[in-house]
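Enquirer: What follows is a predicted structure for the sequence shown.
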Amino acid sequence: MNRQLLVILLSFLAASSAWGRSSLADDQAEQVKALLERVAQLEKRLGEVEAKQGVSPAPILTAADASIAQKSEPRGAPASPAQVHDHTAQEQTVAQQAEVHYPSLQIRGFGDVDFSATDEPKTTSGFNLGQLDLHLASPLSRKITYFGEMTFNAHPNGYTVEVERNIIRYDYNDYFKLSFGRYHTPIGYWNTAFHHGAWLQTTIDRPEIVKFGGTFTPVHFVGFLAEGNIPSGGAGLSYNVGLGNGRGEIISRPGDAGDVNNNRAWVANIFARPVKLYGLELGASVYRDKINCQNNPIVPVVPGCRLTNGKDYREWITSAFVVWTKGAPEFLAEFVNVNHRQVLTDRATNSQGLYAQFAYRLPWFENTLKPYYRFEYIHTPPSEAVLANLDLVESIVGLRYDISNYAAFKSEYRHASRNALQTPAFNGTINGLFLQTSFTF
């Protein structure tokens, strides 16, 4: 009798023993398992005999394989070797699908719809379609990855498309990663922790000091960035060091098409995430650039320096932050000092900005409610030549309701006191109600 005939006979005997019963109880399932183990032992012995004769042995059905097959079938129907083979084939298919292919593009999207009603002069209440934000990520090899971010923005005369981030990164190891392109400047915490998708952040808007389109700090940066971990044990130290174009003629934007002068800007950031205090992060940043405040002869009205006097200014930005990112509670605080020093006269001005935000995810209603409060402060002296002169004190009280894991509804009341020299119509106290639904897909 050959090997195949014996296996078929034993399998038939095992199936016949089970078929003769009207229903299988727990002890019968054990009998089936014992029969399958007996088949495996006999196959093993046959395999040893055939190995001595120079015949290649067939695959051995183990008890573990039978157990896997039994779990995938209804109780009382023992799995056949063919069913075990099918199950193994399915596992191999899943494993092949999980393999990384290069390139492998993945797209993630964010969006929001807003409503506002304020007593600010020369403004109207109503709805506003926020940014449609697309994140594009693709590994190019085991160590090289690409990331891009594009936004579609609504304006009175139509829509504009903006390349917010465009980065290619080489990961040498955990201690050194080098990237080139357009990225969010690593000044402080908020600017790199929360990007253009409003769903990512607790509140409706970013703080004034890191607001998109604002001038207080350079939000974007074009150049290269080195980053990684610092061997520090439980301190969890990391760093960012970058060199790039800095501010452009429109000082709220970087020099995407080239720098406006022959002076490169650089930025350095160091932060710690202690292992024993998970959720705590604290760090400091410094940014250095040179700005030329000259009038643009082609476009006379350019939102650049406040005083287009043709003079050069050295810019020093220093920042420090401390955050606790657990939702119950959540605490974010950041301070920024912007120093502008005129090159010829050495006359300097300092502008300060800060925010402190506290939030707490309530334990009721399946942890979907998160009330929050944020305080903001900005002061720019009247002699400031680069930044728009603004004194701001603002309080924000809001509530975030997570409709699902991918959508949220936010409501805020804001009370702000503004004092701006160049825009007297905005001086005084402003109150407003703001609503937003944000989502990711």
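Expert: The structure has been received and is ready for your questions. Because the structure is a prediction, the values reported are computed rather than measured. Numbers count the residues shown, from 1 in each chain.

Enquirer: who's in contact with the strand ranked longest in the chain?
Expert: For the chain, the strand with the greatest residue count under DSSP state E is strand 158-173. With Cβ atoms under 8 Å, 6 or more residues apart in numbering as the test, strand 158-173 has contacts from 133, 140, 143-153, 177-184, 195-196, 220, 228, 256. Where C-beta positions appear, they are placed from N, C-alpha and C, glycine not excepted.

Enquirer: how about 7 Å then?
Expert: With Cβ atoms under 7 Å, 6 or more residues apart in numbering as the test, strand 158-173 has contacts from 143-153, 177-184, 196.

Enquirer: What's the per-residue pLDDT of residue 19 here?
Expert: On the pLDDT scale, residue 19 is placed at 43.

Enquirer: scratch that, residue 6
Expert: Residue 6 is assigned a predicted lDDT (pLDDT) of 46.

Enquirer: same check, this time on the one 3 residues further on
Expert: Reported pLDDT at residue 9 in the predicted model: 45.

Enquirer: go on, the one 4 residues further on?
Expert: Looking at residue 13, its pLDDT is 45.

Enquirer: Show me which of the contacts of strand 158-173 are buried.
Expert: Using 16 or more other Cβ atoms under 10 Å as the burial test, those include 145-151, 153, 177, 179, 181-184, 196 as buried.

Enquirer: Name the strands paired with the helix or strand hosting residue 394 and say parallel or antiparallel.
Expert: Applying DSSP states H and E as the criterion places residue 394 in strand 391-404. If you go by DSSP bridges, strand 391-404 pairs up with strand 369-379 (antiparallel), strand 407-419 (antiparallel).

Enquirer: how about those strands in CSV, adding mean pLDDT and distance to residue 427?
Expert: Shown next, in CSV, are the strands paired with strand 391-404 (pLDDT from 0 to 100; distance: least, Cβ to Cβ, whole Å):
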stretch, mean pLDDT, distance to residue 427
strand 369-379, 97, 14
strand 407-419, 95, 5
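
Enquirer: Export those strands as JSON lines, with columns for distance to residue 362 and mean neighbour count.
Expert: Formatted as JSON lines, these follow (distance: least, Cβ to Cβ, whole Å; neighbours: other Cβ atoms under 10 Å):
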{"stretch": "strand 369-379", "distance to residue 362": "5", "mean neighbour count": "18"}
{"stretch": "strand 407-419", "distance to residue 362": "14", "mean neighbour count": "17"}
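
Enquirer: Is it possible to get a markdown table of those strands that adds distance to residue 437?
Expert: Listed next are the strands paired with strand 391-404 as a markdown table, based on distance: least, Cβ to Cβ, whole Å:
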| stretch | distance to residue 437 |
| --- | --- |
| strand 369-379 | 15 |
| strand 407-419 | 5 |
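
Enquirer: between the ones you listed, which one is nearest to residue 341?
Expert: Within the strands paired with strand 391-404, the stretch nearest residue 341 is strand 369-379; the backing value is 17.8 Å (Cβ to Cβ).

Enquirer: And the contacts of the closest one?
Expert: Contacts with strand 369-379, where a contact means Cβ under 7 Å, 6+ apart, come from 202-203, 207-209, 216, 327, 351-362, 390-401.

Enquirer: Would you mind listing which of the residues you listed are buried?
Expert: 202-203, 207-209, 216, 351, 353-357, 359-361, 390-392, 394, 396, 398, 400.

Enquirer: Just confirm residue 41 is within a helix.
Expert: Yes - applying DSSP: H, G, I helix; E, B strand; the rest coil, one finds residue 41 inside a helix.

Enquirer: in the helix or strand where residue 336 lies, what counts as buried?
Expert: Under the criterion of DSSP H and E, residue 336 resides in strand 330-342. Burial within strand 330-342, assessed by neighbour count using 16+ other Cβ under 10 Å, is assigned to 330-336, 338, 340, 342.

Enquirer: residue ranges of the helices in the stretch 151-300 of the chain, please?
Expert: Ranges of helices in the stretch 151-300 of the chain, per DSSP state H, counting those that start in this stretch, are 190-193.

Enquirer: Please enumerate the strands of it.
Expert: 158-173, 176-184, 220-230, 237-244, 265-272, 280-293 (DSSP state E, counting those that start in this stretch).

Enquirer: can you list the domains in the protein?
Expert: The chain resolves into domains spanning 3-98, 113-122+184-440 when parsed by automatic domain parsing.

Enquirer: For the strand holding residue 394, what is the distance to the chain centroid?
Expert: Centroid separation between strand 391-404 and its chain, computed with Cα atoms, centre = their mean, to the nearest Å, is 21 Å.

Enquirer: ok, and what's touching it?
Expert: Contact partners of strand 391-404, identified using Cβ under 7 Å, 6+ apart, comprise 202-203, 208, 368-379, 408-419.
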